[in-house]
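>>> Provided below are the primary sequence and the corresponding predicted coordinates.
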Amino acid sequence: MAIQWFPGHMHLTRKAIGERIKDIDVVIELLDARLPASSANPMLAELTGHKPGLKVLNKQDLADPGRTVQWLAHYNALPDTRAIGLDASQTTPARQLVEACHALAPNRGGMAKPMRVLICGIPNVGKSTLINTLAGGRKAKTGDEAGITKLEQRITLADDFYLWDTPGMLWPRIIVAKSGYNLAASGAVGRNAFDDEEVALELLDYVKRHYAPVLSARFKLDLDAATVADMQDEELLEAIGRKRGALLGKGRVNLQKAAEIVMHAFRDGSLGRITLETPEEFAAWLAEGEQLDAERRAKKEARGGKGRRAPAADAGA
């Protein structure tokens, strides 16, 4: 199943970014450190042009530390780009943003040339929490539901530092199938856009192959890591549901409840420090997604061309 979610207010956000960007010095994109590339908006480069970019891997305290290092190196190797990792609830690390913005736009600062920064990110990535931390107060609404912020807000962090907050925005069509599942697992996609059980199975399929010990420990499965890694996804979900008492009549497992348990454990970090992709994995997923998308477009164009009548010959020929 392809997961897609692009509510109407996201069209307005895209338009607002396009109009605002000409007055912006630095673009901050807040990413989920557990799925850095899946949470990066591919439309942003098109919307922001060649503006310097700061990639912030938020929620790094929930992510695999070794993989966070890999992703920071990946982004820091890109031109006109800096990357840092932080936990948005901590004041001191959050202040790194101001310093990084000045490094990317060293000619901005002071009342004559105030720093103008646009901050973007997918829904539920922790943007509002970060802004409140930076501003030292409750400037933006927060919540664990995708799509809390609906309007652009300007926030003054200092006399010469202005920050524009935009609503969380996905993109009209997600061509990397794995990204859709990762986004849903993280809570970035509205609940009506996906099936909990299907997403939980995809999540378990990845986690059992890379972090089997955390599954065994978190859900007290009384199984060694090798056994967990070899289990079928459905079998593993059922075992978790049974262990956690998610049961229906006659001992049947409530798979919907079991799926919710698995995703909640991932989202709140109680499952462990997990990152669902590496730079190399995502590059392979993207190449596959682009190929499939190209094939889809070619088939669509071919269908559109069938049945068309050839243009009539010129009467004077």
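Nice, thanks for sending it over. This one's a predicted model, so the numbers in the text were calculated from it and none came from an experiment.
>>> my guess is Leu163 is in a strand, correct?
Yes: counting by DSSP: H, G, I helix; E, B strand; the rest coil, Leu163 is part of a strand.
>>> looking at it, it is touching Ile131, isn't it?
Yes: contact between Leu163 and Ile131 holds when scored by Cβ atoms under 8 Å: they sit 7.0 Å apart. C-beta: built from backbone N, CA, C; applies to glycine.
>>> need the overlap of contacts for those two.
Taking Cβ atoms under 8 Å, 6 or more residues apart in numbering as the criterion, Leu163 and Ile131 both touch 119, 155.
>>> which neighbouring elements make contact with the top helix by length along the chain?
For the chain, the longest helix by residue count, based on DSSP state H, is helix 279-305. Packing contacts for helix 279-305, counted by 3 or more Cβ pairs under 8 Å, 6 or more residues apart in numbering; DSSP states H and E, involve helix 65-76, helix 177-186.
>>> after the last one, which helix or strand is next?
What that stands for is helix 177-186. helix 196-210 (DSSP states H and E).
>>> what angle do that following helix and helix 177-186 make?
Computed with axes from the mean of the first three to the mean of the last three Cα atoms, to 10 degrees, the direction of helix 196-210 lies at 110 degrees from that of helix 177-186.
>>> quick one: distance of helix 196-210 to the chain centre.
Centroid separation for helix 196-210 versus its chain: 17 Å, with Cα atoms, centre = their mean, to the nearest Å.
>>> contacts for it, please.
1, 3, 178, 181, 184-185, 214-215, 228-229, 231, 233-234, 236-237, 255-256, 258-260, 262-263, 266, 271, 274, 276.
>>> next, the buried residues of that helix.
Using 16 or more other Cβ atoms under 10 Å as the test for burial, helix 196-210 gives 196-197, 199-204, 206-208.
>>> quick one: which of these is nearest Gly18?
Val199 (31.6 Å; Cβ to Cβ).
>>> tell me the centre residue of the chain?
Geometric centre of the chain, nearest residue: Ser39, 2.1 Å, by Cα atoms, centre = their mean.
>>> ok, the closest residue to that residue other than its chain neighbours to Ala294 distance?
Nearest residue to Ser39, sequence neighbours excluded (Cβ to Cβ, 6 or more residues apart in numbering): Asp32, at 4.2 Å. Going from Asp32 to Ala294 by Cβ to Cβ, to the nearest Å gives 28 Å.
>>> these two: who's more crowded?
Neighbours around Asp32 and Ala294, counted as other Cβ atoms under 10 Å, are more numerous at Asp32. The numbers are 28 against 11.
>>> is it correct that the more buried one is in contact with Ala185?
No: using Cβ under 8 Å, Asp32 is not in contact with Ala185; the gap is 10.2 Å.
>>> could you dump stretch 176-185 to CSV, C-alpha only?
Output of stretch 176-185 as CSV, limited to C-alpha atoms (Å, rounded to 0.1, in the frame of the first residue of the first chain):
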residue,chain,number,x,y,z
VAL,A,176,9.8,5.9,-1.8
ALA,A,177,7.5,3.3,-0.4
LYS,A,178,9.7,2.7,2.6
SER,A,179,9.6,6.4,3.5
GLY,A,180,5.8,6.3,3.6
TYR,A,181,5.9,3.5,6.2
ASN,A,182,8.7,5.2,8.2
LEU,A,183,6.7,8.5,8.3
ALA,A,184,3.6,6.7,9.4
ALA,A,185,5.5,4.8,12.1
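>>> now that stretch, how far from the centre of its chain.
Counting by Cα atoms, centre = their mean, stretch 176-185 is centred 8 Å from the centre of its parent chain.
>>> thanks again, I'm all set now.
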